[in-house]
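Q: Build me a model from this:
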Amino acid sequence: ALLMKNATENSDADAQRIAVGKVTDRPFLVSMAQDDRYESLRSSAEIRIAELDHFMAVVLTSSDHSDRYEALRHISDQDVLKKVAIDDPAEGLRMDAVEKLTDQGALMTVAMEEPVHHVRWTAFQKVDQPDLISQIAMGSTDQDMRVAATKRATDQEVLASLATDEDFDIRCAATERLTGQEALARIAETDTSGHVRFLATERLTNQDILSQIALNDDYNECRRAAARRLENKGHQARVLAESTDSKVRKAIAGRVTDPDLLAKIVLEDKDARLVALERVTDQVFLVEVATTHPAPDVREMAAGKLEDQEVLGRIAFDDENSAVRTAAIGRLTDQATLMKIAREEWSVNICADAAAQLIDQAFLAELATAHRGWYVRVVSIERLEDQALLARLAVEDATSDIRTAATKRLLDQGLLTELAFEGNGGAVRAAATERLTNQELLAKKATSDDDPRIRVKAIKKLTDQSLLEGLAEDRENSSIRDAAGDRLRELQQE
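A: Residues are numbered from 1 along each chain as shown. This next block holds a predicted model:
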């Protein structure tokens, strides 16, 4: 097309002649040679026509294969290409012709009749007319091509017919393309393959048929697929009441929107109740479940959805199950209740859960310094902002975990430097090293610390690539080599 445009529109006469000499569209050249507007190019067009006629003659009559291949490069005439693609004895020449063919009928003929697989498939891949694709799906002797054509077919009548084919792959491909509910229902109810019925069920919308499949199909995945597509409350309730398949009931529970039906499932179906409870939003019902349901996992989930602070507080203090109490604490925002739990609760883990929700800095300071449980102290320190208290705990506390937790919250680079080099315990020195920003100090830790684990932490913060290259060649410690190599790659990717 670009050559033809240059041949007729370019203002440069030499460029026009060059373009004419490369055009392969013979009818265009004939028209040009007969058009008085292009009188100056007539001889060029006639010469090119003669060349093309020669190429066509070579392609169709020559016995020299190399000449024929070369001549075909210059041919775009669809009639010639069609003749070569369908009738030529040379496989390679047929292939070259197919690659240049655009005639859909000719491509269809090659796709249906060509004996050589790759030539046949090249033609098939160029067929794009829906009716021809349908014909290939229905009539090709190449089963793989039939499957591929079925996957491209759009005609619903053809697909419905293909969905009854003897071949399993054809039925699957057709069913996945079907939209007609009548055909899908027939397949879902009668096909001998559970998988094909499953594919049809996944596209069905008929609630009556879906409920029957959910209850009666002998293939598990069909029943469960049908359950996932049930939207009618009456059908949902029926299947929930009659099905013995827990996964079917769970699938339905995940679709139910009716509050009464959800409540019924939560209270009566031990298999599907948690799935249903996830969809419950009624706070009154959630309070009932969270405070009275006999199953701890159900109370735990309900507590995790509650908003009533008073009820949450009662659950946090009174429930006999620690997981339920933890779920309630996770929803508490009332600081007075949280402080009461952290101060009075006998379980250290529950105290820690409450501390993790606190924002009162004075009370957090009290817990960080005086609580009987070291873990509660650590959790409190992780929320503490008082740098002076954190510094005191990092330096003076008798417990390593407390000193380490406080160090991780420090901002003072001077104190962090002191702790990194002289802190009480390897964990404190490591935590301080991770907080350092001074590259000289980090380099010193990376190269000379007695603890390889601390050296690794320093290496992970280095930016000096030459130093890292040296450390990456450390022959004594593989963890040093690996850490330096990893850090180098990180810096090079930035």
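Q: How about the contacts made by Leu184?
A: By Cβ atoms under 8 Å, 6 or more residues apart in numbering, Leu184 lies in contact with Thr175, Leu178, Ala200, Arg203, Leu204. In this view, the C-beta of every residue, glycine as well, is placed from N, C-alpha and C.
Q: now it: how far from Arg171?
A: Applying Cβ to Cβ, to the nearest Å, the value for Leu184 to Arg171 is 12 Å.
Q: again with Thr192
A: Here the distance between Thr192 and Arg171 works out to 10 Å (Cβ to Cβ).
Q: neighbour-wise, which of the two wins?
A: Arg171 (23 against 8; other Cβ atoms under 10 Å).
Q: ok, Asp67 - how many residues close by?
A: Asp67 is flanked by 13 other residues according to other Cβ under 10 Å.
Q: Spatially nearest residue to it (excluding sequence neighbours)?
A: Here the nearest residue to Asp67 in space, its sequence neighbours aside, is Val58; by Cβ to Cβ, 6 or more residues apart in numbering that works out to 5.4 Å.
Q: For that neighbour, give me its contacts.
A: Residues near Val58 by Cβ under 8 Å, 6+ apart: Asp67, Arg68, Ala71.
Q: Which one of the contacts of Leu184 sits in the busiest neighbourhood?
A: Each of the contacts of Leu184 was scored for neighbours by other Cβ under 10 Å, and Ala200 scores highest at 30 neighbours.
Q: Report the rounded mean pLDDT for whatever helix or strand it lives in.
A: Taking DSSP states H and E as the definition, Ala200 sits inside helix 194-201. Confidence for helix 194-201, expressed as mean pLDDT, is 98.
Q: Run through who's touching the helix or strand just after it.
A: Counting by DSSP H and E, the element after helix 194-201 in chain order, helix or strand, is helix 207-216. By Cβ under 8 Å, 6+ apart, the residues outside helix 207-216 that reach it are 185, 188-189, 197, 201, 204, 222-227, 229-232, 235, 238-239, 242-243, 248, 252.
Q: In helices, which of those residues fall?
A: Judged by DSSP state H, the subset of those located in helices is 185, 188-189, 197, 201, 222-227, 229, 235, 238-239, 242, 248, 252.
Q: From the residues you listed, list just the buried residues.
A: By the neighbour-count criterion of 16 or more other Cβ atoms under 10 Å, those include these buried positions: 185, 188-189, 197, 201, 222-227, 229, 235, 238-239, 248, 252.
Q: mind checking pLDDT for Leu240?
A: If you check Leu240, the pLDDT there is 97.
Q: Check the spacing between it and Lys250 real quick.
A: For Leu240, the distance to Lys250 - Cβ to Cβ - is 10 Å.
Q: got a list of what Ala316 touches?
A: Contacts of Ala316 were listed using Cβ under 8 Å, 6+ apart, and they are Arg325, Ala328, Ile329, Leu332, Thr337, Ile341, Ile350, Ala354.
Q: mean confidence for the host helix or strand of it?
A: Counting by DSSP H and E, the element that carries Ala316 is helix 309-318. Helix 309-318 shows an average pLDDT of 95 in the prediction.
Q: May I see the buried residues of it?
A: Taking 16+ other Cβ under 10 Å as the neighbour-count basis, helix 309-318 is seen to contain the buried residues Val311, Leu312, Gly313, Ile315, Ala316, Phe317.
Q: just stretch 486-494 next, same as before
A: Applying a neighbour-count criterion of 16+ other Cβ under 10 Å, one finds Arg487, Leu488 buried in stretch 486-494.
Q: which helices and strands does the helix or strand hosting Val275 pack with?
A: Under the assignment given by DSSP H and E, the secondary-structure element containing Val275 is helix 273-277. For helix 273-277, the elements it packs on are helix 246-253, helix 259-268, helix 296-303, judged by 3 or more Cβ pairs under 8 Å, 6 or more residues apart in numbering; DSSP states H and E.
Q: Looking at it now, give me its mean pLDDT.
A: On average, the pLDDT along helix 273-277 is 98.
Q: now that helix, how far from the chain's geometric center?
A: 27 Å (Cα atoms, centre = their mean, to the nearest Å).
Q: That helix: what's the following helix or strand?
A: Reading on from helix 273-277 to the C-terminus, the next helix or strand found by DSSP H and E is helix 283-292.
Q: quick one: contacts for Ala253?
A: Applying Cβ under 8 Å, 6+ apart, we find Ala253 in contact with Leu240, Leu262, Ile265, Asp269, Ala272, Arg273, Val275, Ala276, Arg279.
Q: Any chance of CSV for these, columns neighbour count and distance to Ser63?
A: Rendered in CSV, the data for these read as follows (neighbours: other Cβ atoms under 10 Å; distance: Cβ to Cβ, whole Å):
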residue, neighbour count, distance to Ser63
Leu240, 23, 79
Leu262, 22, 82
Ile265, 27, 82
Asp269, 19, 82
Ala272, 23, 78
Arg273, 24, 83
Val275, 20, 76
Ala276, 25, 80
Arg279, 16, 78
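Q: would you turn these into a markdown table with distance to Arg475?
A: A markdown table is the format used below for those (distance: Cβ to Cβ, whole Å):
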| residue | distance to Arg475 |
| --- | --- |
| Leu240 | 68 |
| Leu262 | 66 |
| Ile265 | 65 |
| Asp269 | 65 |
| Ala272 | 62 |
| Arg273 | 61 |
| Val275 | 58 |
| Ala276 | 62 |
| Arg279 | 61 |
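Q: Just the ones of the contacts of Ala316 in strands?
A: Judged by DSSP state E, the contacts of Ala316 include no members of strands.
Q: So which of those wins on neighbours?
A: Scoring these on neighbours with other Cβ under 10 Å, the highest-scoring entry is Ala328 at 30 neighbours.
Q: that older thread, could I get the contacts of Val58 as CSV with pLDDT and secondary structure?
A: Supplementary listing: these in CSV, determined by pLDDT from 0 to 100; DSSP: H, G, I helix; E, B strand; the rest coil:
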residue, pLDDT, secondary structure
Asp67, 88, helix
Arg68, 87, helix
Ala71, 86, helix
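Q: Dump those residues into a markdown table; add distance to Met145 as well.
A: Below are those laid out as a markdown table (distance: Cβ to Cβ, whole Å):
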| residue | distance to Met145 |
| --- | --- |
| Asp67 | 33 |
| Arg68 | 28 |
| Ala71 | 31 |
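Q: between these, which is closest to Asp297?
A: Comparing these against Asp297 with Cβ to Cβ places Arg68 closest, at 78.2 Å.
Q: Can you report how many residues lie near that closest one?
A: The number of residues near Arg68, taken as other Cβ under 10 Å, comes to 21.
Q: thought it was touching Ser62?
A: Yes. Contact status for Arg68 versus Ser62: in contact at 5.3 Å, counting by Cβ atoms under 8 Å.
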